[in-house]
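[1] Dropping a prediction and its sequence here:
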Amino acid sequence: SQTVGQLFEAQAERSSGETALVFESERLTYGELNRRANRLAHHLQSLGARPDTLVAICMERSVDMVVALLAIIKSGAAYVPLDPAYPKERLQWILEDAQAPILLTRSSLKDTLPAHQTRQVCVDTLDLSKEATANPVSVAGPNDFAYVLFTSGSTGRPKGVAIEHRSVVAFIEWARTVFSTEDLGGVLFSTSICLDLSVFELFVTLCQGGKVILAENALRLPALPAASEVTLVNTVPSAIAELLHSNGIPPSVRIVNLAGEPLQQSLMDELYQRGSIEKVYDLYGPTEDTTYSTFALRQRGGRLTIGRPIANTQAYVLDAQLQPVPVGVPGELYLGGEGLARGYWRQPEMTAKRFVPNPFTPDPAARLYKTGDQARYRQDGNLEYSGSSWGKLKARCAVIRRCGTRWWSRATTARGTNGWWPTSQAIGTSWVLLRLRPTRTPTPSRFPSGWMCGKNRTAKVMRPWTTRSISPAGTAVTPGRRCLPRK
């Protein structure tokens, strides 16, 4: 059994002269990318990076960011991504909870980071010329951590989902059976590294000999110098809809992966009508099950479905007594298999609550993840998703407006609920600005009172008296019901 770093190293040896990474006008071959990552990995090992040690990374999207991610993996440590746009309070919480001894960043971001005890390493000022370019000695194993992603969920308080190498490797091996090297010949890497869709875009691509085309966000696709080289887009339905309606999808794109939000048949039909798009995949999966758990190749004029479990994954629809419900009857979706996280970082009680013993296997160590989502099996063996039972609503799109001195946001959720709330309390920072839309000037009377919102969330600052449609950079924000306005 291998680690993610070993898979990449093997691919880098096979494809040494092929292009691995494109960012604006800069291009790196597999050999160049591997050598740069190796130098930094050796340096990290000299600082104490080792298996199950967490190394935080807070960097803007750049070649250095990709090099740093690979270096952390190669050093044997696990990466903890931090978005530079996060509020300082959220960054501080994650740094304190992760207890990462090392933080990789850039000198330009030093003033944006909160006070912390972590050793700060600015990669742009490091002299790595004396570090070895050979692959570092592999010290991590398949059961060691590859990454820990901090998600807010419905509480607003970040919790770290700890994923092991074996789970990522199983995910990569599944992807090999679905996506060819030609399919991955130009994968748009637009999702924030704080979100698990990025695992597909970066590691699946680089471990299969594909080409990663790095972008600030999905909506930058039409303006990329390498836009005509993009063959696969992996994003959320709201983002692809904006690209579609603005004619921003290059004719080179043949495959579209959509996840994080319900995929409506009308949008899927529009994508196929372009002619150049050959396949549209609908993918479902929580962060706790390594990116994707089920997938469906959606057809023109077909039915809504999240498909079947990916390889090495089991999906059960159960009642309150953990008994399977009949076909066609809704129940709660539980997931099992190789993709399950080890648990929540330093939260054993939460882990025990959400990762329960698997009653359908004699293996005493086997577990199921309680997703909190409602689903049902169809007669054809495919799953239909019908919402969440965790008391959370996934926002598909939002409009933010300024009223007086405060910014407010309105979201349309998967269940059609609309509401206004202050953006400084309820909108995550990994949102992408789409475009200006004309609107009449909002007045205070248009906004209800009596809000109850979670902490650690903020909004991008925008000019007064404007309205912008915004979409998440790779996933949906999931405010709890209490974040919605009282009616």
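    Happy to help now that I have it.
[2] just checking, Lys353 is part of a helix?
    Yes: according to DSSP: H, G, I helix; E, B strand; the rest coil, Lys353 belongs to a helix.
[3] Is the residue nearest to it when sequence neighbours are not counted bridged to anything, and to what?
    Distances taken as CB to CB, 6 or more residues apart in numbering place Lys370 nearest to Lys353, at 7.7 Å, with adjacent residues excluded. For the C-beta atoms, the positions are set from N, CA and C on the backbone; glycine is no exception. For Lys370, the beta-bridge partners under DSSP bridges are Tyr334.
[4] tell me, how many neighbours does Lys370 end up with?
    19 (other CB atoms under 10 Å).
[5] What of Leu195?
    Neighbours around Leu195, by other CB under 10 Å: 22.
[6] Surely it touches Ser152?
    No: shown here, Leu195 and Ser152 do not form a contact pair, counting by CB atoms under 8 Å, at 11.4 Å.
[7] Can you classify Asp111 by secondary structure?
    helix.
[8] picking that back up, list the residues that contact the residue nearest to Lys353.
    332, 334, 353-356 (CB atoms under 8 Å, 6 or more residues apart in numbering).
[9] Distance of it relative to Leu333?
    9 Å (CB to CB, to the nearest Å).
[10] for Ala226, same thing?
    In terms of CB to CB, Ala226 sits 38 Å off from Leu333.
[11] lowest-pLDDT helix or strand in this structure?
    When the helices and strands of the chain are scored by mean pLDDT, DSSP states H and E, strand 431-436 comes last with a mean of 29.
[12] Quick one: low-confidence residue ranges for this structure.
    The chain contains residues with pLDDT under 70 at 153-156, 389-487.
[13] biggest helix in it by residues?
    Counting by DSSP state H, the longest helix found in the chain is helix 30-46.
[14] tell me which residues in that helix are buried?
    In terms of neighbour count (16 or more other CB atoms under 10 Å), helix 30-46 has its buried residues at 30-45.
[15] same thing with stretch 222-238?
    224, 226-227, 229-238.
[16] Tabulate the CA atom coordinates of that stretch in CSV.
    Taking Å, rounded to 0.1, in the frame of the first residue of the first chain, the C-alpha atoms of stretch 222-238 are listed here in CSV:
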residue,chain,number,x,y,z
PRO,A,222,-12.4,32.3,-19.7
ALA,A,223,-9.5,34.8,-19.0
LEU,A,224,-6.8,32.1,-18.4
PRO,A,225,-3.9,32.1,-20.9
ALA,A,226,-4.3,28.3,-20.9
ALA,A,227,-8.1,28.3,-21.1
SER,A,228,-8.0,26.4,-24.5
GLU,A,229,-6.1,23.6,-22.8
VAL,A,230,-8.7,22.9,-20.1
THR,A,231,-10.5,19.5,-20.7
LEU,A,232,-12.1,18.9,-17.3
VAL,A,233,-13.9,21.3,-14.9
ASN,A,234,-14.6,20.1,-11.4
THR,A,235,-16.8,22.6,-9.5
VAL,A,236,-20.2,23.4,-8.1
PRO,A,237,-23.4,23.8,-10.2
SER,A,238,-23.8,27.5,-9.4
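[17] in stretch 184-192, what counts as buried?
    Here stretch 184-192 shows 184-192 as buried, counting by 16+ other CB under 10 Å.
[18] how about CSV for these, with distance to Met268 added?
    Formatted as CSV, these follow (distance: CB to CB, whole Å):
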residue, distance to Met268
Leu184, 22
Gly185, 23
Gly186, 22
Val187, 20
Leu188, 19
Phe189, 23
Ser190, 20
Thr191, 20
Ser192, 25
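[19] residues contacting Ala37?
    67, 70-71, 74.
[20] contacting residues around Gly160?
    80, 94, 97-98, 148-150, 344-347 are the contacts of Gly160 under CB under 8 Å, 6+ apart.
[21] Equivalent analysis for Leu113, please.
    Per CB under 8 Å, 6+ apart, neighbours of Leu113: 58, 88, 91, 103, 105, 120.
[22] gap between the fourth one and Trp345?
    Same thing as Leu103. Taken as CB to CB, the span from Leu103 to Trp345 is 16 Å.
[23] ok, now the second one?
    Look at Lys88 and Trp345: by CB to CB, they are 20 Å apart.
[24] Between those two, tell me which one has more neighbours.
    Legend: neighbour count by other CB under 10 Å for Lys88 and Trp345, higher for Trp345 (24 against 12).
[25] Quick check: the more buried one touching Ala100?
    No: between Trp345 and Ala100 there is no contact under CB under 8 Å: 10.5 Å.
[26] Please enumerate the strands of the stretch 151-300 of the chain.
    159-164, 187-189, 212-214, 232-235, 255-258, 279-284, 294-298 (DSSP state E, counting those that start in this stretch).
[27] Pull out the buried residues from stretch 50-68.
    51-59, 61-68.
[28] Which ones among the residues you listed lie within strands?
    Judged by DSSP state E, strands contain the following of the buried residues of stretch 50-68: 54-58.
[29] need those residues in TSV with distance to Thr305, can you?
    As requested, these are exported to TSV (distance: CB to CB, whole Å):
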residue	distance to Thr305
Leu54	37
Val55	39
Ala56	38
Ile57	36
Cys58	38
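[30] Just name the closest of these to Val178, please.
    For these, the residue nearest Val178 by CB to CB is Ile57; the value is 28.7 Å.
[31] Excluding chain neighbours, what is closest to the closest one?
    Ile57 sits nearest to Leu104 (CB to CB, 6+ apart), 4.7 Å away.
[32] How about Gln6?
    Ser138 (6.0 Å).
[33] which parts of stretch 309-318 are buried?
    Across stretch 309-318, burial judged by 16+ other CB under 10 Å covers 309-310, 312-318.
[34] May I see those arranged in a markdown table, with distance to Asp380 and secondary structure as well?
    Below are the buried residues of stretch 309-318 laid out as a markdown table (distance: CB to CB, whole Å; DSSP: H, G, I helix; E, B strand; the rest coil):
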| residue | distance to Asp380 | secondary structure |
| --- | --- | --- |
| Pro309 | 14 | strand |
| Ile310 | 17 | coil |
| Asn312 | 22 | coil |
| Thr313 | 18 | strand |
| Gln314 | 18 | strand |
| Ala315 | 14 | strand |
| Tyr316 | 17 | strand |
| Val317 | 14 | strand |
| Leu318 | 20 | strand |
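[35] and which of those residues is nearest to Pro251?
    Looking across the buried residues of stretch 309-318 and measuring by CB to CB, the closest to Pro251 is Ile310, at 29.1 Å.
[36] That closest one contacts Arg176, correct?
    No: if you go by CB under 8 Å, Ile310 and Arg176 don't touch, sitting 11.5 Å apart.
[37] Skipping its backbone neighbours, what lies nearest Leu40 in space?
    Closest to Leu40 by CB to CB, 6+ apart is Ala71, at 3.6 Å.
[38] That neighbour: which element?
    helix 63-75 (DSSP states H and E).
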